[in-house]
Every structure is written in structure tokens, then in C-alpha cells.
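J.: Return atomic coordinates for the entry below.
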Amino acid sequence: MNQQNNHKDTLFAQPYEALGAFQFDESVVSVFPDMIQRSVPGYQTILAGIGELTTQLVKPNTRIYDLGCSLGAVTLTIRRKLETTPCQIIAVDNSAAMIERAKTYLAAFHSDVKVDFQIDDIANIEIQNASLVVLNFTLQFIAPEQREALIQKIYDGLNPGGALILSEKIHLDDPITQSAIEHLHLQFKRANGYSELEISQKRASLENVLISDTPEQNIDRLKKVGFKHNAIWLQAYNFASFLAIK
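T.: The predicted model follows:
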């Protein structure tokens, strides 16, 4: 992801008297690759896994949806694996700054695979003839009461054998194990150079913006909308990626 003119994330390095809610504006876009690498354990492994699952699950003449595409890392990974497979990728984000940067990023790599970038709320997107849909750390920013309807729409738009890859920050119901896993994540961020001020201010900024579910809540939701085949295929501390196949 170095091709994205990666800048170091120092958004929360200075104390703020009035800290606003986290949002994906231009200031976040400019440091996003560094932010996600230093904040999300296992991120590169998830990208690699999405690539391998693409080769296994995507069928010719179908659509792939990257919902909440941010700077296009997932879209690029998928496009590279498609090679000559005739498919269309629809990459959606409600941040115009993200979409513009993603277009520039992907333009640096030649491919004959069409990518349709759309600036929109993913709740407005029609899912049709899909063999793969990816929600990579996106559902956690959707209001909890709207999540089931979105997953239902995705399920309905998938072809038989099609798959949803859902990556999310999670929490555990048991306070003892939750405390232990939170400690691991804090140490991960400290080891990656974040100060205590940065960690605490980012946590405050994300409060009531990123609302996580438990693994069980995610699996139960997938089952409820119709997915009979679903599992966690990767977990790193309090981040997990689920695979659901129709």
C-alpha cells in the first residue's frame, strides 16, 4: 500500500479540548493506510485471504461488491486475482475523498477488469448477480438496527455458491477475556508507536461511531438471513473475519 503516498498517522498526537466524532474526511484519508496497518492486527493477512478466496469463489460474468471500499486495497487485491476472468467490481464508499484517492491508487496498476466506483451509502446499493461481497471493517460503522437488513440484501443478491466476507472489530461478553484481549490490542498499538494520548483520544473519537458486535451476534445474524455455511476464518485479537457462503 506504499503507492498511496502513505503519510504517518498523527491525527490524535496533540491534545484536543473538544474532540469531534470520528469521520472519514480528508484528514483521515491522507493517513488511512498507516492508521489501519498500525491499528488492525492481521490486516495484511485478511487482504491476502480475500485474494485467495476470490480465486476460489468468484465465477465468470458475475459481480463483486466492495462495500465501504475506502482507498481500494480490497478492490486492488481482488482485481489482481481475477486476471482474465470476465467480472465487474463495484466499489462503494460514502466518502468522496476516499473514492477519489482510490481511483488514483488503482489507476497506477494496469488491468482489463472494470471497476465501477460509486460515492453512495451502501444501504442504497442494489446487489445483483454477485459471486462475492466484501464488508471489510464497514458494518461496525452502520447503525446496529440497520445491519440485518443490509446483510439480508447481500444474501438475496448473491448467486448460489456466492460468498460474503465480513471483517469486523469484535468484543466478548465475558469481561475477563474481553479485558485480556483489549490489553493485547493496546500493546499492539503501543508497539506500533502510538502514544497513550493518541490511543485515548482515538478511542474517545470512535465512541458511539464504531459499535462492535460479539462473534456470536455476527454468526447469528448471518444464519438468520439464510447463510447456512458460515465461520470465522481468521481472528487476530479483537478483530475477526467471517466467511458466509450461500
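J.: From here on, just use CA atoms for contacts and neighbour counts.
T.: OK.
J.: What segments of the protein are strands?
T.: 63-67, 88-93, 114-119, 130-136, 158-169, 229-236, 239-245 (DSSP state E).
J.: what's the third one packed up against?
T.: When contacts are defined as 3 or more CA pairs under 8 Å, 6 or more residues apart in numbering; DSSP states H and E, strand 114-119 packs onto strand 88-93, helix 96-107.
J.: go again using 10 Å as the cut-off
T.: Applying 3 or more CA pairs under 10 Å, 6 or more residues apart in numbering; DSSP states H and E, one finds that strand 114-119 contacts strand 63-67, helix 73-82, strand 88-93, helix 96-107.
J.: what's that strand in contact with?
T.: 64-69, 72, 75-76, 79, 86-100, 102-103, 106, 125 (CA atoms under 10 Å, 6 or more residues apart in numbering).
J.: and Leu53, what does it touch?
T.: Leu53 is in contact with Leu47, Ile78, Lys81, Leu132, Ala163, Ile165, Leu243, counting by CA under 10 Å, 6+ apart.
J.: what do you get if the cut-off is 8 Å, keeping everything else the same?
T.: For Leu53, no contacting residues are found, by CA atoms under 8 Å, 6 or more residues apart in numbering.
J.: Now do it against Ile64, distance only.
T.: Applying CA to CA, to the nearest Å, the value for Leu53 to Ile64 is 12 Å.
J.: And the pLDDT for Pro33?
T.: Listed pLDDT for Pro33 reads 62.
J.: again with the one 4 residues further on
T.: Residue-level confidence at Gln37 comes out at 78, pLDDT.
J.: My guess is it contacts Tyr43. True?
T.: Yes. Using CA atoms under 8 Å, Gln37 is in contact with Tyr43, at 6.6 Å.
J.: more crowded one of those two?
T.: It is Tyr43, of Gln37 and Tyr43, that has more neighbours when counted by other CA atoms under 10 Å, with 19 against 15.
J.: Report pLDDT for Phe141.
T.: Listed pLDDT for Phe141 reads 88.
J.: Can you tell me the number of residues neighbouring the closest residue to Lys228 other than its chain neighbours?
T.: If the residues on either side of it in the chain are set aside, Lys228 comes closest to Lys246, at 6.8 Å by CA to CA, 6 or more residues apart in numbering. For Lys246, the neighbour count with other CA under 10 Å is 17.
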